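**Student:** all I have is the shape, not the residue letters:
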């Protein structure tokens, strides 16, 4: 979710956030769907994990 505020201030905050994301882009629903498909179809031995689909954003928080 993006920070709330004035339109211009919000866009500036979004730009600053994206500069810190290693993949340098906003995530899409397809990114989340790909992670879900992996867990549902290819990860039969994975249990009890939290999968961050965030483009690496948590590395800079």
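**Tutor:** Arrived safely. As the structure is a prediction and not an experimental result, all values here were calculated from the model.

**Student:** could you use CA atoms for every contact and neighbour count after this?
**Tutor:** Fine.

**Student:** which residues touch residue 22?
**Tutor:** Residue 22 makes contact with 55-57, according to Cα atoms under 8 Å, 6 or more residues apart in numbering.

**Student:** now do 6 Å
**Tutor:** Residues counted as contacts of residue 22 (Cα atoms under 6 Å, 6 or more residues apart in numbering) are residue 56.

**Student:** one more: residue 41?
**Tutor:** Applying Cα under 6 Å, 6+ apart, no residues contact residue 41.

**Student:** ok, 10 Å please
**Tutor:** Residues in contact with residue 41 (Cα atoms under 10 Å, 6 or more residues apart in numbering) are residue 35.

**Student:** do the same with the one 10 residues further on
**Tutor:** Contact analysis of residue 51 by Cα under 10 Å, 6+ apart lists 35-36, 39.

**Student:** low-confidence ranges, the chain, go.
**Tutor:** Within the chain, the segments meeting pLDDT under 70 span 1-9.

**Student:** am I right that residue 52 is in contact with residue 58?
**Tutor:** Yes. The pair residue 52 / residue 58 is scored as a contact, 8.2 Å apart, by Cα atoms under 10 Å.

**Student:** could I get the contacting residues of residue 42?
**Tutor:** residue 36.

**Student:** scratch that, residue 57
**Tutor:** Residue 57 makes contact with 17-24, according to Cα under 10 Å, 6+ apart.

**Student:** and for residue 56?
**Tutor:** 20-24.

**Student:** mind redoing it with 7 Å?
**Tutor:** By Cα atoms under 7 Å, 6 or more residues apart in numbering, the contact set of residue 56 is 21-23.

**Student:** of those, closest to residue 29?
**Tutor:** Using Cα to Cα, residue 23 comes nearest to residue 29 of the contacts of residue 56, at 15.5 Å.

**Student:** check the gap between residue 57 and residue 10 for me.
**Tutor:** Applying Cα to Cα, to the nearest Å, the value for residue 57 to residue 10 is 18 Å.

**Student:** now, the most widely separated pair of the contacts of residue 57?
**Tutor:** Maximum pairwise distance in the contacts of residue 57, criterion Cα to Cα, is 11.4 Å, between 17 and 23.
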